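[1] I would like the atomic coordinates for the input below:
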Amino acid sequence: MKRTLALLLALGMIFALAACGETPKEAEKTDVIVFAAASMTETLTELKTVYEAEHPDVNIVYNFDSSGTLKTQIQEGADCDLFISAGQKQMNQLDSTASAEVNTEGLDFVLEGSRLNLLENKVVLVVPEGNPKGIESFDQLAELLRNGDVLMAMGGADVPVGQYTQKILAFYGLNEEELANAGLLSYGSNVKEVTTQVKEESVDCGVVYCTDAFSAGLTVVGSATAEMCGQVIYPAAVLKNAKHAEAARALLDFLKTDTAMAVFEKVGFAPAA
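    A predicted model of the protein is given here:
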């Protein structure tokens, strides 16, 4: 009897010690899925570290690509809580309150009251190291294109940076189709691809955002004015089908803070006016 009691006490102590050694399960994190323009890769990656340190219950999951590609993915049902576009057009195409001339399909993906203009960027002309063609401005580039003496990289027609570049070409009275047929244009599916072409010296120059030029360490030789291509505004919105709408709203609020803006401004972004 005494042996049985002793054995039971010993087992009890073992179980008690084992229980004390158990570590509490880590709380499940909320995955906030953010679709963002490729030009925001560096800044948003840095801000992920800052935000998650302050919100250990949140895990930010990014999908970076051209705004046109992201818009299509959202339209086709991809999971997304927060969308940040490099152009108004792509956001308008998903917003039921936008003009029917832009939202031609009557899409309704934007959560009412969540949309705002977050940032402003600049469109710039960049050249490879050493600037072999000696390009110094958009004015000079226009003449080189007319003379067939330069190869320029630009975004495609479905990419915001490409759409801004198209406006610049139109500003100078240049015909994009004729330039492309003459082999004077090289296209990228997003701004990062354009940046890479310039950095690898496979083209004589390229048109990108100033933020990408900064991140890639490229030489800027010209900056487009609003008259040339309009304002470069980045709208942001929580989506109607967001699985974590409140967490997405909280993240968007953070992106408007002075802390976040300091990171954006470091590479050339500015708060949208």
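[2] what's the pLDDT at the closest residue in space to residue 183 that isn't next to it in sequence?
    Excluding the flanking residues, the one nearest residue 183 by Cβ to Cβ, 6 or more residues apart in numbering is residue 151, at 7.5 Å. In short, each C-beta sits where N, CA and C put it, glycine included. Note for residue 151: predicted pLDDT of 98.
[3] next one: residue 35
    Per-residue pLDDT puts residue 35 at 98.
[4] Residue 63 is in contact with that one, correct?
    Yes. Using Cβ atoms under 8 Å, residue 35 is in contact with residue 63, at 4.8 Å.
[5] higher neighbour count, the two?
    Legend: neighbour count by other Cβ atoms under 10 Å for residue 35 and residue 63, higher for residue 35 (24 against 16).
[6] Just confirm the more buried one is within a strand.
    Yes. Under DSSP: H, G, I helix; E, B strand; the rest coil, residue 35 falls within a strand.
[7] shared neighbours of residue 35 and residue 63, anything?
    Common neighbours of residue 35 and residue 63, using Cβ atoms under 8 Å, 6 or more residues apart in numbering, are 70, 73, 78, 80.
[8] The last one in helix, strand or coil?
    Taken by three-state DSSP, the conformation at residue 80 corresponds to coil.
[9] Now do the contacts for it.
    By Cβ under 8 Å, 6+ apart, the residues touching residue 80 are 33-35, 63, 70, 73-74, 239, 241-242.
[10] cutoff 7 Å now
    Counting by Cβ atoms under 7 Å, 6 or more residues apart in numbering, residue 80 touches 33, 35, 74, 239.
[11] What of the first one?
    Listed by Cβ under 7 Å, 6+ apart, the contact partners of residue 70 are 35, 63, 83.
[12] Swap in 10 Å and give it another go.
    Neighbour list for residue 70: 35-38, 63-64, 78, 80, 83-86, 90, 94, 190 [criterion: Cβ atoms under 10 Å, 6 or more residues apart in numbering].
[13] So it, which state does it fall into?
    Going by three-state DSSP, the state assigned to residue 70 is helix.
[14] okay, it: pLDDT?
    97.
[15] can you pull out the strands in the stretch 1-150 of the chain?
    Secondary structure of the stretch 1-150 of the chain by DSSP state E, counting those that start in this stretch: the strands cover 30-37, 58-65, 82-84, 116-121, 123-127.
[16] Was I right to think residue 40 contacts residue 121?
    Yes. Between residue 40 and residue 121 there is a contact at 9.4 Å, judged by Cβ atoms under 10 Å.
[17] okay, and the common contacts of the two?
    Residues touching both residue 40 and residue 121 (Cβ under 10 Å, 6+ apart): 86, 209, 211-212, 234, 264, 267, 269.
[18] neighbour-wise, which of the residues you listed leads?
    residue 86 (32 neighbours).
[19] Quick check, that one in contact with residue 208.
    No. Using Cβ under 10 Å, residue 86 is not in contact with residue 208, being 11.1 Å away.
[20] Are there residues contacting both of the two? Which ones?
    In contact with both residue 86 and residue 208: 39, 121, 155, 161, 164, 191, using Cβ under 10 Å, 6+ apart.
[21] so who does the fourth one touch?
    For residue 161, the contacting residues are 37-39, 66-67, 86-87, 121, 123, 154-155, 188, 190-192, 194-195, 206-209, 212, 229, 232, taking Cβ under 10 Å, 6+ apart as the criterion.
[22] now do 7 Å
    With Cβ under 7 Å, 6+ apart, residue 161 has these contacts: 86, 123, 155, 191, 194, 207-209.
[23] what helix or strand is it on?
    Assigned by DSSP states H and E, residue 161 belongs to helix 160-171.
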